[in-house]
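**Student:** When you get a sec, could you give me coordinates for this:
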Amino acid sequence: MTTAFPSSRRVLIFLAAAFAITWVAWGTLIVLARAQATAYGQWPYMTLYVLGGLGPTIAAYLAVCLTTAQAPLAEFHQRLLRWRVPLPWYALALGLPIMLAFMALGVAVALRPTLSGLVAIKPWSAFPLLFAMTIVGGGLEELGWRGIAQEEWGHAIGQGRAALLIGPIWAVWHLPLFFLPGVSQYHAHFPLFLLGVISNALLFGWLYSRTRSILLCVFMHAATNAVIVMGVMIPARQGLSLIAPCLSLGVGALLFLSSGKRGVQADSAMH
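**Tutor:** So this is what the prediction gives:
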């Protein structure tokens, strides 16, 4: 293992393509939205918004197809569709984001009881639909961030270091959204967002390092987004916004530390 910055042609192609696709799409949308030529919900806005969000997914396939000598597309699909993992991993992928969200909310309410009246959680019957929607609205990014970057850099510098390296890059990839009217990140606090993305990079990276299943990472990413849409979150502007990302960051770090050097190194380990 080397501590040098990891070089990988596949990752470099992925990053270049992901940033190019996303920033061109979202950059164009920023110009149009600020000129009031389109607005959230209208087809030009949503088309460019979704295209930008699919940047890492498209870039992942482009990177794999341009580096088949390293590993064929079939190998990528094998990791993408790896579903034959013990059931507890599914429970963890879906349940850990929900548990962390409620723990953070519980700490916030304990510190400031009046917050309980500001929390509005949707009926849990809505969760399956929101989960399915957030697979497209975020989950498919995992084909690139975990399926390409974590896979390549994890072998080069270690899984934990790879996750920490991916976190800030992943956050910066989102940067155009902070200038895009109509989305939740518009004029939001980027340092707080950065901390949250790094914590997710640790959690998703740990899950990938233990299962080597892109599919499970898609599920965990979707569950993380869905639970926010459900309303299981600390209300904004209450001065307690650091609780959730710090809690997730701590849990992610502990998971990596407790795992040591363990991780899935061969397909046979999953059967």
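
**Student:** Do you have the helices of this structure handy? List them.
**Tutor:** 9-34, 43-53, 55-65, 73-80, 87-111, 127-136, 142-144, 151-157, 159-173, 190-211, 214-229, 243-259 (DSSP state H).

**Student:** Report the angle between the second one and helix 55-65.
**Tutor:** Spelled out, that is helix 43-53. 50 degrees (axes from the mean of the first three to the mean of the last three CA atoms, to 10 degrees).

**Student:** Can you give me the buried ones in helix 43-53?
**Tutor:** 45, 48-49, 51-53 (16 or more other CB atoms under 10 Å). (Each C-beta comes from the backbone N, C-alpha and C, glycine too.)

**Student:** out of these, who's nearest residue 172?
**Tutor:** Proximity of the buried residues of helix 43-53 to residue 172, judged by CB to CB, is greatest for residue 52, which lies at 14.0 Å.

**Student:** The closest one and residue 22, how far apart?
**Tutor:** Noted for residue 52: a distance of 4 Å to residue 22, by CB to CB, to the nearest Å.

**Student:** anything in contact with each of those two?
**Tutor:** residue 176 (CB atoms under 8 Å, 6 or more residues apart in numbering).

**Student:** Could you report the neighbour count for residue 258?
**Tutor:** 9 (other CB atoms under 10 Å).

**Student:** Over to residue 86?
**Tutor:** 10.

**Student:** Quick test: name the residue nearest the centre of this protein.
**Tutor:** residue 221 (5.1 Å; CA atoms, centre = their mean).

**Student:** gap between that residue and residue 204?
**Tutor:** Using CB to CB, residue 221 is found at 6 Å from residue 204.

**Student:** Find residues that contact each of these two.
**Tutor:** What both residue 221 and residue 204 touch, as defined by CB under 8 Å, 6+ apart, is the set residue 142.

**Student:** Which residue comes closest to residue 102 once chain neighbours are left out?
**Tutor:** Computed as CB to CB, 6 or more residues apart in numbering, the closest residue to residue 102 that is not its neighbour in sequence is residue 232, at 6.1 Å.

**Student:** Now do the phi/psi pair for the one you found.
**Tutor:** phi -80, psi 80 (degrees, to the nearest 10).

**Student:** do residue 213 as well
**Tutor:** In terms of degrees, to the nearest 10, the main-chain angles of residue 213 are phi -110, psi 110.

**Student:** list the contacts for it?
**Tutor:** Residue 213 makes contacts with 79, 82-83, 85, 89, 207, 270, as judged by CB under 8 Å, 6+ apart.

**Student:** Also residue 185?
**Tutor:** 174, 177-178, 193.
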